[in-house]
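Engineer: Using only what follows, build the 3D model:
(chains A and B)
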Amino acid sequence: MYSEKVMDHFQNPRNVGEIEDASGVGTVGNAKCGDIMRIYLDIDENQVIRDVKFKTFGCGAAIATSSMATELVKGKDIHEALKVTNKAVMEALDGLPPVKVHCSLLAEEAIHAALWDYAEKHGIQIEGLEKPKSDIHEGEEEESEEY
Amino acid sequence: MNDDKRMIYLDNAATTKTAPEVVEAMLPYFTELYGNPSSVYQFAQKSKEAVAASRETIAGALGAKPEEIYFTAGGTEADNWAIKAAAEAYRAKGNHIITSKIEHHAVLHTCQWLEKQGFEVTYLDVDETGIVKLDQLERAIRPETILISVMFANNEIGTIQPVKEIGQIARRHGVLFHTDAVQAFGQLPIQVDEMNIDMLSSSGHKLNGPKGIGFLYIRKGVKIRSFVHGGAQERKRRAGTENVPGIVGYAAAVERAVRTMEQRTARERELRDYLISRVLAEVPYTRLNGHRTKRLPNNANFSFQFVEGESLLIMLDMEGICGSSGSACTSGSLDPSHVLLAIGLPHEIAHGSLRLTLSEETTKEELDYVAEAIKKIVERLRGMSPLYEDFIRRQ
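Structural biologist: I've put the predicted structure just below:
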């Protein structure tokens, strides 16, 4: 079902944990749908992401996408980090099953939410960053079931 | 995943190993006695006799008559047939069907389809252990009620329904009673007369028989029509050349299940209770789903707070353990199992469920290994869980 890369990041997730007094923290998803991701960012005075940690409640793909997203933003400045899309996360993982694409969207959203928190705390605006939705599924139409 | 590692198969509610003696009984009907039971020559009579003998064995196990057993391609077909055909046959009497919220999708989706055809369906609630509320059932019966369909035992949480009482209520009100016994047949004693069962669905591969074979028991006098049209097989009610090897294998499996039931289930119950007590005692923030005692002998179903079922399953798989979960990610939708929601679990706890179903081959040593693996994995996943982090902070 999952690629080797996904399995690797699921079995050996990178950057699991918390950061005390983080520069920015973002939590997205909801328990109802079974996925919650929290990203902690430690951003230095040059707006470079010095460290990043995550915690995720969710399926294998949710954990793997969180892990990969943290790897992709680590060491980048906040503007580059903002450009890390769900597509980039998926590509880096050699793809995801179609039903799991929403996990990569959630990972992107989690990074954005943490950046938003950082921007708010520091009274700055990051160009191109929109206030994240707290629930990735908000506004999405549910597929009607066929019988 | 890892071929040289041990495998502990604890998903016997999904399917079972076909017993070697069952395979052996089937084999001649592929390559030697392959005649079509409908043909006239003597060679084909052997196939016909084998089907008749199998029907007798299966009927005997239920206290039914052989002519009341109709072979199908499996449990799902039997459920579809029972409900759709009863709805059609009794439409002149009424358009109301009663079932429960925790049925298998073969029943639920069939009922939902019938709603689109103008039928009204009452979905009965269950209590927190998964048992249908009998007073609610009795109150739900209306003059136009034509069918009550309540499963014998639940496939996820293993809860056994008060089938005899449901049958009595149905009989008293002159309503047909169908039960999906796919999980129960072979694990629990079933007598159709004593329990007032009018129709019963079953499937071969759940009791060490082959896949692709099932049956619907239809009490004599219940007027439901053909579901599959064609030849005159199965008393003209289910056309199509008989799956002779499947039927023979099914009967061999039933014979075996009945013969071993008492000893086998007593042993499984003991092992199941051992697993349940170990897990509940050693993994904090864990609950047992379903009824403590009124449950299938081989079923254990847990919810581990703060973890998600699919992650748990993959990690168990890496330890060589096969189980299943009611999490959304394993159901292919966003919602977790309807059964776990019906017993009142909040979504996040329903997502963290694990079902382990034992077989006669399961050993205590295997369950010790499984309990240790669960402890380790749940702890690891909780270490990654923001829900657990929040919970600990609030402590």
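Engineer: which ones are touching the residue nearest the centre of chain A?
Structural biologist: Geometric centre of chain A, nearest residue: A:Ala107, 2.3 Å, by C-alpha atoms, centre = their mean. By C-beta atoms under 8 Å, 6 or more residues apart in numbering or on different chains, the contact list for A:Ala107 reads A:Met37, A:Ala62, A:Thr65, A:Ser66, A:Met68, A:Ala69, A:Asn86, A:Val89. Every C-beta, even on glycine, is put in place using the N, C-alpha and C of the backbone.
Engineer: per-residue confidence at B:Gln45?
Structural biologist: pLDDT for B:Gln45: 97.
Engineer: ok, and the closest non-adjacent residue to it?
Structural biologist: Excluding the flanking residues, the one nearest B:Gln45 by C-beta to C-beta, 6 or more residues apart in numbering or on different chains is B:Gly35, at 7.7 Å.
Engineer: Tell me who's in contact with the one you found.
Structural biologist: Here B:Gly35 is in contact with B:Tyr41, B:Phe43, B:Ala44, B:Gln45, B:Lys46, B:Ser47 (C-beta under 8 Å, 6+ apart).
Engineer: Any of these buried? List them.
Structural biologist: B:Ala44, B:Lys46, B:Ser47 (16 or more other C-beta atoms under 10 Å in any protein chain shown).
Engineer: Can you redo those residues as a markdown table, where the extra columns are secondary structure and distance to B:Tyr90?
Structural biologist: What follows is those, written out as a markdown table (DSSP: H, G, I helix; E, B strand; the rest coil; distance: C-beta to C-beta, whole Å):
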| residue | secondary structure | distance to B:Tyr90 |
| --- | --- | --- |
| B:Ala44 | helix | 37 |
| B:Lys46 | helix | 39 |
| B:Ser47 | helix | 35 |
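Engineer: Which of the contacts of B:Gly35 sits closest to chain A?
Structural biologist: Looking at the contacts of B:Gly35 and their distance to chain A, the nearest is B:Ser47, at 36.9 Å (C-beta to the nearest C-beta).
Engineer: thinking the closest one is in contact with B:Tyr41, fair?
Structural biologist: No. The pair B:Ser47 and B:Tyr41 fails to qualify as a contact (C-beta atoms under 8 Å) at a distance of 10.7 Å.
Engineer: who's in contact with B:Ile247?
Structural biologist: B:Ala50, B:Val51, B:Ser54, B:Arg55, B:Phe71, B:Ile213.
Engineer: Packing partners of the helix or strand encompassing B:Phe71?
Structural biologist: Assigned by DSSP states H and E, B:Phe71 belongs to strand B:69-72. Secondary-structure packing of strand B:69-72 (3 or more C-beta pairs under 8 Å, 6 or more residues apart in numbering or on different chains; DSSP states H and E): helix B:42-62, strand B:214-218, helix B:244-282.
Engineer: Partner strands of that strand and their direction?
Structural biologist: strand B:214-218 (antiparallel) (DSSP bridges).
Engineer: Now do the partner strand against helix B:42-62, angle only.
Structural biologist: Relative orientation of strand B:214-218 and helix B:42-62, computed by axes from the mean of the first three to the mean of the last three C-alpha atoms, to 10 degrees: 60 degrees.
Engineer: model confidence over strand B:214-218, on average?
Structural biologist: Averaging pLDDT along strand B:214-218 gives 98.
Engineer: Take that strand, keep the C-alpha atoms, and write them as CSV.
Structural biologist: In CSV, the C-alpha atoms belonging to strand B:214-218 read as follows (Å, rounded to 0.1, in the frame of the first residue of the first chain):
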residue,chain,number,x,y,z
GLY,B,214,-22.5,-19.6,1.9
PHE,B,215,-26.2,-20.4,2.4
LEU,B,216,-29.4,-18.8,3.3
TYR,B,217,-31.7,-20.8,5.6
ILE,B,218,-35.3,-20.1,4.7
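Engineer: List the buried residues for that strand?
Structural biologist: Residues B:Gly214, B:Phe215, B:Leu216, B:Tyr217, B:Ile218 are the ones in strand B:214-218 that count as buried (16+ other C-beta under 10 Å).
Engineer: now stretch B:352-368
Structural biologist: By 16+ other C-beta under 10 Å, the buried positions in stretch B:352-368 come out as B:Gly352, B:Ser353, B:Leu354, B:Arg355, B:Leu356, B:Thr357, B:Leu358, B:Glu360, B:Thr362, B:Glu366, B:Leu367.
Engineer: what's the farthest-apart pair in these?
Structural biologist: B:Gly352 and B:Glu360 (28.9 Å; C-beta to C-beta).
Engineer: Packing partners of the host helix or strand of B:Lys376?
Structural biologist: Counting by DSSP H and E, the element that carries B:Lys376 is helix B:364-383. Secondary-structure packing of helix B:364-383 (3+ C-beta pairs under 8 Å, 6+ apart): strand B:8-9, helix B:244-282, helix B:309-318, strand B:321-322.
Engineer: Which residue does the stretch 51-200 of chain B have closest to chain A?
Structural biologist: Taking C-beta to the nearest C-beta, chain A has its nearest neighbour within the stretch 51-200 of chain B at B:Trp113, 4.4 Å off.
Engineer: now for stretch B:347-367, what's the gap between its first and last residues?
Structural biologist: End-to-end distance for stretch B:347-367: 28 Å, by C-alpha to C-alpha, to the nearest Å.
Engineer: Was I right to think B:Asp79 contacts B:Val107?
Structural biologist: Yes. Taking contacts as C-beta under 8 Å, B:Asp79 lies within contact range of B:Val107: 5.1 Å.
Engineer: Give me the more crowded residue out of these two.
Structural biologist: Higher neighbour count among B:Asp79 and B:Val107: B:Asp79, with 31 against 27, using other C-beta atoms under 10 Å in any protein chain shown.
Engineer: What sits closest to the more buried one if chain neighbours are left out?
Structural biologist: Excluding its sequence neighbours, the residue lying closest to B:Asp79 (C-beta to C-beta, 6+ apart) is B:Ala106, at 4.0 Å.
Engineer: The one you found: which element?
Structural biologist: helix B:105-116.
Engineer: could you give me the average pLDDT of that helix?
Structural biologist: 97.
Engineer: Report all helices and strands that it contacts.
Structural biologist: In terms of contacts (3+ C-beta pairs under 8 Å, 6+ apart), helix B:105-116 is packed against helix B:75-89, strand B:96-100, strand B:120-124.
Engineer: highest average neighbour count across the ones you listed?
Structural biologist: strand B:96-100 (a mean of 25; mean count of other C-beta atoms under 10 Å in any protein chain shown).
Engineer: Note down every partner strand of that one and its orientation.
Structural biologist: Note on strand B:96-100: by DSSP bridges, its sheet partners are strand B:120-124 (parallel), strand B:145-149 (parallel).
Engineer: check contacts around B:Tyr285.
Structural biologist: B:Phe304, B:Gln305, B:Phe306.
Engineer: and the biggest helix by length in chain A, which residues are buried?
Structural biologist: For chain A, the helix with the greatest residue count under DSSP state H is helix A:101-121. Along helix A:101-121, these residues count as buried under the neighbour rule (16+ other C-beta under 10 Å): A:101-119.
Engineer: Of the helices and strands packed on strand B:69-72, flag the one that's most buried.
Structural biologist: Compared across the helices and strands packed on strand B:69-72, strand B:214-218 shows the largest average neighbour count, a mean of 28 (mean count of other C-beta under 10 Å).
Engineer: quick one: that one to helix B:244-282, angle?
Structural biologist: 90 degrees.
Engineer: List the contacts of strand B:214-218.
Structural biologist: Residues contacting strand B:214-218 (C-beta under 8 Å, 6+ apart): B:58, B:62, B:64, B:68-78, B:81-82, B:182, B:192, B:197-204, B:224, B:237, B:250.
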